[in-house]
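Novice: what follows is a predicted protein model with its sequence.
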Amino acid sequence: MSEKPKPGAGMLSPNAMSRRNLATGLGSMRLSAKAPPGPPGSAQSMRSSSLRTFKRHSSSEDKPTMREQLNNRASAHKLDPEQFKMVRMGSSTHLIPIAPSAANATGKNEAPSSESLNMGRNLSSRVVDLNDKSDQSAAKARRAVEKNEAAITSNDFLGAKKSSSMRYRKMLSAHLHEPPMYMVEFGRGWAEDIFALLQNAVRREVQDLYYIVNSMGKRSVDLSKQDVSDFYEWLSFFALLLDFLFQFEEKSLMPWIEARVSLDGDLGAASRKSRADRAMQAIEQIEDCQFKFEHLPPGEVLPGVYGALELLSSALLEHFRLEEKHAIPAVKDAFSAKDGAAFEDKMFETIRGMDESHTVMAMLMRSIKNDERLREYQVKYLTQPGAGFFKTVRFKKDYFAAKKEFHQTHTRLVYVFFNRWNEAHIGAEDEEWSRQGAAV
């Protein structure tokens, strides 16, 4: 939604900004690691081949072969050649002890001698430098070898996306794309305002619904029971508004229009009922997922919510589009502005007679940005013809108290989901930078 900033954007601390600067450096390092090796002898070629097993040299007959070098060097140090392998580390050549299981894999079926095993255990803490330059601790050397091997072959260099944690990938992936639920501006005309009052209230709730579900999808790895509970508490208000919309249209709005205009085709009763059934069916599908959340991982349940939400939005978009295309022009041709004002009075009278009248009214007023129309609608709703002074005062007091409670228990939840999403995004980002920094 336009009024809600995206999590992690514009809300990071100076330390987080430093991490972003660090990411640039890490990205450049990954690019250099992906680059193809340079020509033989170049600095790039030497860096990419800093750790490799020697290949046999056959250019000179008097130069010892790899096997001869291994035997000669091992014999000089009183070692069993079958228990070691030759590797290059920089400009030096070393003998690295081979685990007994690896030695058996060379094709020999017999078990290694006890002397060889003892020799391997004794030398497990040392790496023999064949060039007689230095001796190192084997533990330290093995760590260096493993680090170099990881630098060449690990996914952190060859594919950063693949190496990212599941939590971080969930944050970056797009699970659900919000449809174009654009608000209709008030004040364009009396007929447009009647439909905008009903449609904009639903559009605003659908925008919030997509935001909440996206927040849940991004955090599906760590989704809590409180998230699920808050979501279905929010959904109960939206279901109330949607039920009001379709019932009011069928019992009040459409009969008023059909008194002067014949509605058929896409605006006929059968077509309207089909779209309403699809929308309410989608709500029921989302409600059915509540039980599944209790027994299945959120990642397995959320796709069902996504599918139901797409069914809901498609039905509503089609319904609103057809009303704007056909119903509004028909109303403007068959009725006057005075007729429209009289219908608005009847509409607010109908709302006052509902059990959840204050909640529905608060939801209808929430999307209105035109202050003049907002005051006009509230005055019409709060004015009860024939009601005494005390009853009117009590009604107004109850309405504003219910309106405040509605915002605390319903609209506030959108910002709760925003804060959870933002905190999880920053946490996953911190974890990912730590992982990448450790890899480097």
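Specialist: Yep, it's here.
Novice: which SSE is residue 332 in?
Specialist: helix 328-334 (DSSP states H and E).
Novice: contact partners for residue 411?
Specialist: Under the criterion of Cβ atoms under 8 Å, 6 or more residues apart in numbering, the neighbours of residue 411 are 208, 366. Where you see a C-beta, it was placed from the backbone N, CA and C, and this is true even at glycine.
Novice: where's it relative to residue 218, distance?
Specialist: Residue 411 is 21 Å from residue 218, where distance means Cβ to Cβ, to the nearest Å.
Novice: please apply the same query to residue 406.
Specialist: 27 Å.
Novice: more neighbours, the two?
Specialist: Ranked by neighbour count (other Cβ atoms under 10 Å), residue 406 and residue 218 place residue 218 first, with 24 against 20.
Novice: ok, the more buried one touching residue 420?
Specialist: No - taking contacts as Cβ atoms under 8 Å, residue 218 lies outside contact range of residue 420: 9.6 Å.
Novice: any buried residues in stretch 395-404, and which?
Specialist: 395, 399, 402, 403 (16 or more other Cβ atoms under 10 Å).
Novice: please convert these to CSV, extending it with distance to residue 265 and secondary structure.
Specialist: Putting the buried residues of stretch 395-404 into CSV (distance: Cβ to Cβ, whole Å; DSSP: H, G, I helix; E, B strand; the rest coil) gives the following:
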residue, distance to residue 265, secondary structure
395, 42, helix
399, 40, helix
402, 40, helix
403, 39, helix
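Novice: can you put these in CSV and add pLDDT and distance to residue 200?
Specialist: CSV is the format used below for the buried residues of stretch 395-404 (pLDDT from 0 to 100; distance: Cβ to Cβ, whole Å):
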residue, pLDDT, distance to residue 200
395, 93, 25
399, 95, 20
402, 94, 20
403, 94, 17
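Novice: which one of the residues you listed is nearest residue 292?
Specialist: residue 402 (32.6 Å; Cβ to Cβ).
Novice: not counting sequence-adjacent ones, nearest residue to that closest one?
Specialist: residue 358 (3.5 Å; Cβ to Cβ, 6 or more residues apart in numbering).
Novice: can you tell me the element that neighbour falls in?
Specialist: Take DSSP H and E as the rule and residue 358 turns out to sit in helix 357-366.
Novice: now for the next helix or strand after that helix, which elements pack on it?
Specialist: As assigned by DSSP H and E, the chain's next helix or strand after helix 357-366 is helix 371-382. Packing partners of helix 371-382 (3 or more Cβ pairs under 8 Å, 6 or more residues apart in numbering; DSSP states H and E): helix 337-352, helix 357-366, helix 389-406.
Novice: switch to 10 Å and redo it
Specialist: helix 190-218, helix 337-352, helix 357-366, helix 389-406 (3 or more Cβ pairs under 10 Å, 6 or more residues apart in numbering; DSSP states H and E).
Novice: what's the closest of those helices to residue 307?
Specialist: It is, among those and with distance given as Cβ to Cβ, helix 190-218, at 11.3 Å.
Novice: quick one: mean pLDDT over the closest one.
Specialist: For helix 190-218, mean pLDDT rounds to 94.
Novice: before we move on, what about stretch 322-341?
Specialist: Mean predicted confidence for stretch 322-341 is 94.
Novice: now swap in stretch 257-277 and tell me
Specialist: Here the average pLDDT along stretch 257-277 is 93.
Novice: if I look at residue 292, how far off is residue 331?
Specialist: Residue 292 sits 43 Å away from residue 331, taking Cβ to Cβ as the criterion.
Novice: out of those two, which sits in the busier spot?
Specialist: Between residue 292 and residue 331, counted using other Cβ under 10 Å, the more crowded position is residue 331 (24 against 15).
Novice: contact partners for the residue nearest to residue 402?
Specialist: Going by Cβ atoms under 10 Å, 6 or more residues apart in numbering, residue 358 touches 351, 352, 381, 395, 398, 399, 400, 401, 402, 403, 405, 406.
Novice: tally of neighbours for the first one?
Specialist: The one in question is residue 351. Neighbours of residue 351 using other Cβ under 10 Å come to 18.
Novice: for it, list the residues it contacts.
Specialist: Residue 351 neighbours (Cβ under 10 Å, 6+ apart): 244, 248, 357, 358, 360, 361, 364, 380, 381.
Novice: what about the residue nearest to it when sequence neighbours are not counted, distance to residue 396?
Specialist: Using Cβ to Cβ, 6+ apart and skipping the chain neighbours, the partner closest in space to residue 351 is residue 357 (5.3 Å). Residue 357 sits 13 Å away from residue 396, going by Cβ to Cβ.
Novice: and residue 201, by the same measure?
Specialist: Residue 201 is 21 Å from residue 396, by Cβ to Cβ.
Novice: with residue 249 instead?
Specialist: The separation that residue 249 has from residue 396, given Cβ to Cβ, amounts to 28 Å.
Novice: report pLDDT for the closest residue to residue 223 other than its chain neighbours.
Specialist: Counting by Cβ to Cβ, 6+ apart, residue 223 lies nearest to residue 298, which is 4.1 Å off, once chain neighbours are set aside. Per-residue pLDDT puts residue 298 at 89.
Novice: in contact with residue 298, which residues?
Specialist: 216-217, 219-224, 227-228, 289, 292, 305.
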